[in-house]
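Trainee: 3D model of this:
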Amino acid sequence: MDNYILKIKKIDDKAVIPNYAHEGDAGLDLYAVKELTLKPGERGLVHTGIQIELPKNTEAQIRPRSGLALKNGITTLNSPGTIDEGYRGEIGVILINHGSEVFKVEPGMKIAQMVIKPVVKVDIIEIEELSESERNQNGFGSSGTR
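Mentor: Below is the predicted model of the structure:
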């Protein structure tokens, strides 16, 4: 398996370099650098204080942390959020509070995870008809609930 290199630049002294909490984890933990208070139903942008340079033909996906979701009703919007290979700005995470209590993000808090994934590039052609499939246009619950 090839090793990919993710280049990271700290742009805030409080920034924590993303890391894997455990051997075999898919996601790198992302950390907040600024305080943010989210009331129930409120959303906000959490700053991480880092910029990244992704390996060629990859993307970074920003995903929620299961513990924050279960314990506090905190999740990410636009999930998974996609960071394109060419983006060089600060990594920001959009959090929303679906819980019933005010939630306070504090500097150094793990707020999301970032998964680096390969991207498949395709050639695009316009056609008149698509091939038939067993499913065809059936969607939105067509497979049933059991």
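Trainee: Wait, a helix at L70?
Mentor: Yes: counting by DSSP: H, G, I helix; E, B strand; the rest coil, L70 is found in a helix.
Trainee: quick check, distance from stretch 72-83 to the centre of its chain.
Mentor: The chain centroid and the centroid of stretch 72-83 are separated by 6 Å, computed with C-alpha atoms, centre = their mean, to the nearest Å.
Trainee: can you list the residues that contact that stretch?
Mentor: 38, 40, 43, 52, 54, 59-65, 68-69, 91, 93-101, 103, 112, 114-115 (C-beta atoms under 8 Å, 6 or more residues apart in numbering). C-beta: built from backbone N, CA, C; applies to glycine.
Trainee: mind listing the helices for the chain?
Mentor: For the chain, the helices defined by DSSP state H occupy 66-72.
Trainee: quick one: low-confidence ranges for the chain?
Mentor: Low-confidence segments of the chain (pLDDT under 70): 1-2, 142.
Trainee: centroid residue for it?
Mentor: The centre of the chain sits closest to I62, judged by C-alpha atoms, centre = their mean, with a distance of 0.8 Å.
Trainee: which stretches of this protein form strands?
Mentor: Using DSSP state E, the strands found in the chain span residues 7-10, 28-31, 36-38, 43-53, 58-63, 74-76, 81-83, 90-97, 103-105, 110-118.
Trainee: Any chance of a markdown table for the ones you listed, columns distance to I124?
Mentor: Below are these laid out as a markdown table (distance: least, C-beta to C-beta, whole Å):
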| stretch | distance to I124 |
| --- | --- |
| strand 7-10 | 30 |
| strand 28-31 | 32 |
| strand 36-38 | 40 |
| strand 43-53 | 27 |
| strand 58-63 | 18 |
| strand 74-76 | 30 |
| strand 81-83 | 19 |
| strand 90-97 | 29 |
| strand 103-105 | 40 |
| strand 110-118 | 19 |
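Trainee: From R135, how far out is T48?
Mentor: For T48, the distance to R135 equals 40 Å [C-beta to C-beta, to the nearest Å].
Trainee: which one of those two has more residues nearby?
Mentor: Each of T48 and R135 has its neighbours counted (other C-beta atoms under 10 Å); T48 has more, 27 against 9.
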